[in-house]
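Q: pasting the sequence and the predicted coordinates here, then a few questions.
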Amino acid sequence: MLRGLFLALLLGAVALAGDAPDTHVILLGTGTPNPTPDRQGPALAIVSGGRPYLVDCGTGVVRRAVEAGIKVEDLSRAFITHLHSDHTLGYPDLLLTPGVLERTEPLQVFGPKGLRAMTERIVEAWREDRDVRFHGGEPSRPESYEVRPVEIEPGEVYRDENVRVIAFPVRHGAFKEAYGYRFEARDKVIVVSGDTTYDERMVDNARGADILVHEVYSEAGWAKRTPEWRVYHARYHTSGPDLGCLAAKVRPRTLVLMHQLLMGAPREALLGEIRREWDGEIVDGKDLDVIR
């Protein structure tokens with residue numbers, strides 16, 4: 001009887017494992033404000049239960065999503081860390097291109113205060129485009145262009161059958177509001193830093209993460225900048241040694257680097273800075289990398 005019970009529990013566990021969502025990260029853009037041919041603006045997709053959840057929308061976000069095999073009409077959930085231009089230049093693209101291709105549900109966008117005004121101005125800026133598409137003979141669905149911006153506060157900001165999303169404040173220079181996000185799926189916890197200096201709130205909210213996606217700059221490159229730029233970067237971003245210290249406290253299964261500011265230093269120097277404190281797995285993030 002006990003053997004039969006054990007077998008039943010084992011089969012149940014296997015069945016549950018088979019039903020678990022394959023939650024993973026697709027890096028859609030790993031760049032910075034400095035344009036390079038191989039890196040689009042900051043953006044990534046967390047895919048769980050087959051649904052993509054975007055974090056930030058830098059340049060090229062929609063086309064990179066298509067390259068990654070994501071259907072344009074599925075781009076209907078996005079979470080913005082802060083309103084710096086490199087993280088939001090793809091927002092009009094995210095709003096309009098899936099509209100042209102008849103997205104089947106409204107675009108829901110979550111982010112800091114100012115997101116609603118930004119959204120309203122984008123909608124107004126492309127008013128003539130929509131008027132011609134709606135009334136100029138092109139088959140179109142006005143509801144495909146519907147966008148619902150939500151200005152968030154710290155705490156749970158979204159939940160569905162696949163994920164629970166928690167926003168937490170981070171320190172990013174003069175920005176009054178900048179957020180990191182913690183995605184809790186049935187099979188993984190994924191934390192995205194957004195842009196931030198070293199911040200103990202990152203440590204608190206990233207504990208237990210399977211995957212931590214974090215920005216970083218090279219201390220070696222930073223040391224060669226002018227004093228004004230050194231003050232700026234130290235106030236807005238996280239150095240390699242500081243990220244190593246943070247990772248050593250959080251101990252994620254995988255640390256993923258994006259928005260890397262090398263400032264002339266070799267990539268190996270940056271990795272070495274992190275490894276002074278952290279000996280775990282590091283992914284040197286590149287556009288279209290998939291991390292499971």
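A: Alright, I've got the coordinates.

Q: what is the burial count for the closest residue in space to residue 49 that isn't next to it in sequence?
A: Spatial nearest neighbour of residue 49, excluding adjacent residues (C-beta to C-beta, 6 or more residues apart in numbering): residue 162 at 3.8 Å. In this view, the C-beta of every residue, glycine as well, is placed from N, C-alpha and C. Look at residue 162: counted by other C-beta atoms under 10 Å, it has 18 neighbours.

Q: do I have it right that residue 162 meets residue 52?
A: No - using C-beta atoms under 8 Å, residue 162 is not in contact with residue 52, being 10.3 Å away.

Q: and residue 55, what are its bridge partners?
A: Beta bridges link residue 55 to residue 44, residue 79 when assigned by DSSP bridges.

Q: one step back: contacts only, for the residue nearest to residue 49.
A: 21, 23, 48, 49, 51, 185, 186 (C-beta atoms under 8 Å, 6 or more residues apart in numbering).

Q: what about the closest residue to residue 123 other than its chain neighbours, how many neighbours?
A: Nearest residue to residue 123, sequence neighbours excluded (C-beta to C-beta, 6+ apart): residue 147, at 7.1 Å. For residue 147, the neighbour count with other C-beta under 10 Å is 19.

Q: return the distance of residue 147 relative to residue 191.
A: For residue 147, the distance to residue 191 equals 26 Å [C-beta to C-beta, to the nearest Å].

Q: so which residues of this protein form helices?
A: In the chain, the segments counted as helices under DSSP state H are 2-19, 61-67, 85-88, 91-100, 115-125, 127-135, 200-206, 219-222, 227-236, 240-250, 267-275.

Q: contact partners of the fourth one?
A: Think helix 91-100. Contacts to helix 91-100, defined as C-beta under 8 Å, 6+ apart, come from residues 54, 57, 61-62, 72-73, 75-76, 78, 80, 107, 109, 118-119, 122-123, 125-126, 129-130, 133, 140, 144-145, 147.

Q: what's the angle from that helix to helix 115-125?
A: 60 degrees (axes from the mean of the first three to the mean of the last three C-alpha atoms, to 10 degrees).

Q: and helix 91-100, what's its mean pLDDT?
A: Average pLDDT, helix 91-100: 96.

Q: what are the bridge partners for residue 148, then?
A: Residues in beta-bridge contact with residue 148 (DSSP bridges): residue 108.

Q: who's in contact with it?
A: Going by C-beta under 8 Å, 6+ apart, residue 148 touches 106, 107, 108, 109.
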